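In: 3D, please:
(2 chains, ligands or ions: 1)
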Amino acid sequence: MDFQLSDDQRALRSGMRDLLDAVFDRDRLRAAVERGGTLDRALWRGLGAAGFFALRVPEEAGGVGLGLPEAVLLFEEAGRALLPGPLVATHLAAGLVKGAAEGEAVVTAVDGDLPVAHLAEADAVLVGADVLVGEPLRAFVAAARPVRSMDPLTPLHRVAGRTAEIEAYPGAVPYEGALLTAAEQLGSATRTTDMAVQHAGDRQQFGSPIGSFQAVKHLCADMLARTEPARAAVYAAAVTGDPVEIAAAKLLADEAAVRNARDCLQIHGGMGFTWEADVHLHLKRAWLRAAARLGGAAAEELLAAGLGTARPRSGSSAASGGGTPEAGGGG
Amino acid sequence: MDLAYTEAEEEFRRRLREWLAGALPGLPPKPSPDDWPARRAYDTTWQRMLYDAGYAGLHWPADAGGRGATPTQHLIYLEETEKAGAPYVGANFVGLLHAGPTIAAEGTAEQRARWLPPVLRGEAVWCQGFSEPDAGSDLAALRTRAVRDGDSYVISGAKTWTSHAEVADWCELLVRTDPDAPKHRGISWLAMPMDAPGITVRPLRTLAGSREFAEMFLDEVRVPVRNRVGAENDGWRVTMVTLSFERGTAFVGEVVACRRTLDALADEARRNGRWDDVVLRRRLGRLNAEFRALWRLTQWNVAESERTGGVPGTGGSVFKLRYSGARQELYGAAAEVLGGGDAFDLDREWVLDRLSSLSYTIAAGTSQIQRNIVAERILGLPKGR
Ligand SMILES: Cc1cc2nc3c(=O)[nH]c(=O)nc-3n(C[C@H](O)[C@H](O)[C@H](O)COP(=O)(O)OP(=O)(O)OC[C@H]3O[C@@H](n4cnc5c(N)ncnc54)[C@H](O)[C@@H]3O)c2cc1C
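Out: Residues are numbered from 1 along each chain as shown, chains lettered A, B, ... in the order given. Okay, here's the model as predicted:
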C-alpha cells in the first residue's frame, strides 16, 4: 500500500496549478464575474490543449491515457482556482462528443431537476445517455428558460420535465461525474481554508492578529479537520472507483466546501459580505455543486444501503464480521 | 496513489487471520467490566498469546524487542484483529501504545531491556500519571515534586484520572524536578513502580459506573534516579513524544471497530423496523461516510509515516479531533436504533459504549486543545489568547 501521490502525480498537480496561475489569475476570475460567467473560449481551448478534457481518453484514441486519480488532482486544482464552466460534463464527453477532448466544444449536462449550467453557450448537452447537438439542441435551448443565477460564474437555465432520480444513475459515468465534482469541492475547501488562515494572520483587532483569538483559531482548525478526511475519501474513491466510496467522498467534500466557505466568510467579517471578496463566489459554487451529481440525500441513501453485515461489501476490505467492540479506555 | 497491499503484506494478513481463527476460541470467558483484576488477567493473557505467536510489539523497533514491522503491517494487524473480534488492548493500553513506544524512542539500552519485554509478554501493566487536579489541559502546570536525595527522587503530590491505576505495575510519571525553572523546563519523565511505599490509589467511579480510573496520592515515594527517561528537566520534550504516540496512533484500530458497530446497527435497524425511518437511515449513511473517510485518512497517514519515518506528527490531532466527535455521533445513533426503553438499558449492547464515548472528546487532550494544536502547529496561526 502506498496511499500517497506519486512523483508524476505531484508534477501533474503542480503543472496544473502553474497553468491556472498563468491563465486564470484573480484578474481573470473577476473579469469572468463581470462577464456573468460567459466562457473564455481561448481559455477553454487552452485547457483542451493541456489535456484537461482528454486526460482519460486512451492514447490510441488520441487522449492522454491517465486515470481517475489524475483527473481528481486536476479537478481539485480547478476547484481551487474557481475555474468556471461545465468542466465535468465536457471531461465526461471527451471521446463521445466531437471537439470535447480538444476543448473546441463546450458540453453541458442535464442533472435531474436542477437548472442546467452554461446551456446557452453549449455545443452539446448530455441528457441521460443521449447527446443533443445541432437542431435538437437549438430546440432544447429554445424551450428552456434562463434563470437569474445566484452564482455569477454559472449562468443557469431551467428545462422542462426532468426529475431527479439517483436510482436511475446507470453505469460508472455518473459516479465519475460525482467524484470529479467532489474533487472540485475539495479544492474549494482547501482554498477557503488558506484564505481564512491568511486573513486571520493579517487582520488586527484589539491590538493582535485575529488568528490569535481562540474563537477564530478553532474555526480554522475545524476547516482543516473537514478538509483532510474529505481529501482522503476523494483520493481513495478515485483509486477504487467504488460507488459507495464515491458517495462518501461527495458527501464529505460537499460539507467541507460549503461549511469552510461559511466559516471563511465569517472570519472575513464585514469584508466577507462584500462582492469584492471572493468568498461568496466559493460559497455559491459550493452550494451548486453540493446539489449537483449525487446530492446529500441521495448520497446518504446510497451509503445507508451499503451498510450491514448481510450485504456483500464492495471496494474496501475493512469492517464486517461478528462480535462487538469493547469500550476503549486510555488516557 | 495505491491502496492495494503488496503480496508480502497480503501473506502477512493471511497468516495472521489463520492464527486468529485458531487462537480466539481458546480465550477465557470475558470478565465483567467492573472486575478489574479479572480484566487485567484477561487482557494480559491475550497479550501473552500474541507474544507467543510473534505478534507482540509488531510496530516496535527490533532493538526494543519488537518485530520491526512496517506501519502498514501494523495497520493490517489492527484491521484483522478488530475484524476477528479479538480483545482490545485494554489494560495494556498505556504500555503498548504510548509508554512503551516512548521508552523505545527515548530510553537507554538498559531501560529498553528492562521495561519493554515484560510489556510485550503481558507481565507488566503500565498507567499514565500525567494529569493532576490542577493540571489537565495545562499539563505543564503540574506540581508533583521530585527532590533529589542521593540515588533517588523523593516524590510528593497528587495525580488524577489515572486509568488502570488499580492494576498497574508501573506508571509513566511526570514530576517537577526544578520548581524555579520556567514551567515547561523543570519537568522530568519517570518510571515509577506502583508497589513503592507511599502510593495510595483511590478509585474514582466514572459516569458509566465503572472504576476505570483513579486518584493517586504520592507521599514521599522513592524512585531511583536511573528510572528517569531522558535528561533531568527535559521531561516536557519526552512528554511531547508520548503525546504524539497517544494522539497519533493509539486510536487507529478503533475506527475498524466503529465500522463493525455501524454494520451491526444497520442489521438491528432492519430487524426492528427502525430502518424505515428515513432520518435515522440517512444518519447512518452519513456515519458510513465519516468512518470510511477516517479509515482512508488513517491509511494516508500511515503511508506518509512510512515515507517519512519516525514519530507520528501533529496530523494525529486532526484525526483525534474528528474521530472523537464521530464516535459520539455513532453511539448517539445507536441509541436511536435501539429506541425507547432499550436505549436506557445498561444490559443492552452499545448502551455502555455510548456512555464511554463521552470521554473521547476529553481524554488524551480535549477537542479544544486539539483545535489549538491544529491551528497553531499545522496552520501556523499566532499563539495567544
Ligand atoms: C476516561 C478518561 C481517562 C483518562 N485517563 C488518564 C490517564 O490515564 N492519565 C492521565 O494522566 N490523564 C488521564 N485523563 C485526563 C485527561 O487527559 C484530562 O481530563 C484532559 O486532558 C482534560 O483535563 P481536565 O480534566 O483537567 O480539564 P480542564 O483542563 O480543566 O478543562 C475543562 C474544560 O476547559 C477547556 N479548556 C481548558 N483549557 C483550555 C484552553 N487553553 N483553550 C480552550 N479550552 C480549554 C477544556 O477543553 C475543557 O472543556 C483521562 C481522562 C478521561 C476522561
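
In: stretch A:2-18 and chain B, are they touching?
Out: Yes: judged by C-beta under 8 Å from any C-beta of the partner chain, stretch A:2-18 comes into contact with chain B at A:2, A:3, A:4, A:5, A:6, A:9. C-beta: built from backbone N, CA, C; applies to glycine.

In: can I have that stretch written out in CSV, keeping just the CAs?
Out: Extracted C-alpha coordinates of stretch A:2-18, given in CSV (Å, rounded to 0.1, in the frame of the first residue of the first chain):
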residue,chain,number,x,y,z
ASP,A,2,1.4,3.4,-0.9
PHE,A,3,-1.5,5.8,-0.5
GLN,A,4,0.5,8.9,-1.4
LEU,A,5,0.8,10.9,-4.5
SER,A,6,3.4,9.6,-6.9
ASP,A,7,6.1,11.9,-8.2
ASP,A,8,4.3,12.0,-11.6
GLN,A,9,1.0,12.9,-9.8
ARG,A,10,2.7,15.7,-7.9
ALA,A,11,4.2,17.0,-11.0
LEU,A,12,0.8,16.9,-12.8
ARG,A,13,-0.8,18.8,-10.0
SER,A,14,1.8,21.5,-9.7
GLY,A,15,1.8,21.8,-13.5
MET,A,16,-2.0,22.4,-13.4
ARG,A,17,-1.6,24.9,-10.6
ASP,A,18,1.1,26.8,-12.6
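
In: helices along the stretch 151-300 of chain B, start to end?
Out: B:235-248, B:252-272, B:278-308 (DSSP state H, counting those that start in this stretch).

In: quick one: the first one to chain centroid distance?
Out: Centre-to-centre, helix B:235-248 and its host chain are 12 Å apart (C-alpha atoms, centre = their mean, to the nearest Å).

In: could you do stretch B:62-73 as well?
Out: Put simply, stretch B:62-73 sits 18 Å off its chain's centre (C-alpha atoms, centre = their mean).

In: likewise for stretch B:104-120?
Out: Offset of stretch B:104-120 from its chain centre (C-alpha atoms, centre = their mean): 19 Å.

In: anything in that stretch near chain A?
Out: No: with C-beta under 8 Å from any C-beta as the criterion, chain A is not reached by stretch B:104-120; the gap is at least 15.2 Å.

In: any buried residues in that stretch, and which?
Out: B:104, B:105, B:106, B:107, B:111, B:112, B:115, B:116, B:117, B:118, B:119, B:120 (16 or more other C-beta atoms under 10 Å in any protein chain shown).

In: what does stretch B:264-283 give?
Out: Neighbour-count burial for stretch B:264-283, counted by 16+ other C-beta under 10 Å, picks out B:264-270, B:274-275, B:280-283.

In: got the buried residues for the helix or strand of chain B with the lowest mean pLDDT?
Out: Sorting the helices and strands of chain B by mean pLDDT, DSSP states H and E puts helix B:235-248 at the bottom, at a mean of 87. Of all the residues in helix B:235-248, those buried under the rule 16+ other C-beta under 10 Å are B:235, B:236, B:238, B:239, B:241, B:242, B:243, B:244, B:245, B:246, B:247, B:248.

In: how about stretch A:265-272?
Out: Across stretch A:265-272, burial judged by 16+ other C-beta under 10 Å covers A:265, A:267, A:268, A:272.

In: what's the answer for stretch B:367-385, then?
Out: Buried, per 16+ other C-beta under 10 Å, within stretch B:367-385: B:367-376, B:378-379, B:381-382.

In: next step: those restricted to helices.
Out: The helices, defined by DSSP state H, take in B:367, B:368, B:369, B:370, B:371, B:372, B:373 from the buried residues of stretch B:367-385.

In: and residue B:325, what does it touch?
Out: Applying C-beta atoms under 8 Å, 6 or more residues apart in numbering or on different chains to residue B:325 gives the contacts B:360, B:361, B:367.

In: and those, which is closest to the ligand?
Out: Closest approach between the contacts of residue B:325 and the ligand, by C-beta to the nearest ligand atom: residue B:367, at 6.6 Å.

In: give me the pLDDT for the closest one.
Out: The model reports residue B:367 with a pLDDT of 96.

In: one more: residue A:310?
Out: If you check residue A:310, the pLDDT there is 75.

In: surely it touches residue B:267?
Out: Yes: if you go by C-beta atoms under 8 Å, residue A:310 and residue B:267 touch, sitting 6.6 Å apart.

In: residue ranges with poor pLDDT in the stretch 151-300 of chain B?
Out: Scanning the stretch 151-300 of chain B for pLDDT under 70 picks out the ranges B:248-250.

In: about what we covered before: JSON lines please, covering the buried residues of helix B:235-248 and showing distance to residue A:209.
Out: Converted to JSON lines, these look like this (distance: C-beta to C-beta, whole Å):
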{"residue": "B:235", "distance to residue A:209": "32"}
{"residue": "B:236", "distance to residue A:209": "26"}
{"residue": "B:238", "distance to residue A:209": "32"}
{"residue": "B:239", "distance to residue A:209": "29"}
{"residue": "B:241", "distance to residue A:209": "30"}
{"residue": "B:242", "distance to residue A:209": "31"}
{"residue": "B:243", "distance to residue A:209": "27"}
{"residue": "B:244", "distance to residue A:209": "27"}
{"residue": "B:245", "distance to residue A:209": "32"}
{"residue": "B:246", "distance to residue A:209": "30"}
{"residue": "B:247", "distance to residue A:209": "26"}
{"residue": "B:248", "distance to residue A:209": "29"}
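
In: distance to the ligand added to these, as JSON lines?
Out: Below are the buried residues of helix B:235-248 laid out as JSON lines (distance: C-beta to the nearest ligand atom, whole Å):
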{"residue": "B:235", "distance to the ligand": "14"}
{"residue": "B:236", "distance to the ligand": "15"}
{"residue": "B:238", "distance to the ligand": "14"}
{"residue": "B:239", "distance to the ligand": "10"}
{"residue": "B:241", "distance to the ligand": "15"}
{"residue": "B:242", "distance to the ligand": "10"}
{"residue": "B:243", "distance to the ligand": "10"}
{"residue": "B:244", "distance to the ligand": "15"}
{"residue": "B:245", "distance to the ligand": "14"}
{"residue": "B:246", "distance to the ligand": "9"}
{"residue": "B:247", "distance to the ligand": "11"}
{"residue": "B:248", "distance to the ligand": "16"}
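
In: right, is stretch B:355-372 up against the ligand?
Out: Yes: Stretch B:355-372 comes into contact with the ligand (C-beta under 6 Å from any ligand atom), by way of B:359, B:362, B:363, B:364, B:365, B:366, B:368, B:369, B:372.

In: which residues sit in contact with the residue nearest to residue B:187 when sequence neighbours are not counted?
Out: Using C-beta to C-beta, 6 or more residues apart in numbering or on different chains and skipping the chain neighbours, the partner closest in space to residue B:187 is residue B:235 (3.9 Å). If you count contacts by C-beta under 8 Å, 6+ apart, residue B:235 has them with B:174, B:175, B:177, B:187, B:188, B:189.

In: please apply the same query to residue B:294.
Out: In this structure, residue B:294 makes contact with A:229, B:255, B:258, B:319, B:322, B:323, B:326, judged by C-beta under 8 Å, 6+ apart.

In: next, the residue of chain B found nearest the ligand: phi, psi?
Out: Taking C-beta to the nearest ligand atom as the measure, chain B has residue B:136 as its residue closest to the ligand, at 1.7 Å. The phi/psi pair for residue B:136 (degrees, to the nearest 10) reads phi -110, psi -90.

In: burial count for the closest residue to it other than its chain neighbours?
Out: Leaving out its chain neighbours, the residue that sits closest to residue B:136 by C-beta to C-beta, 6+ apart is residue B:161, at 7.7 Å. Neighbours of residue B:161 under the rule other C-beta atoms under 10 Å in any protein chain shown: 23.
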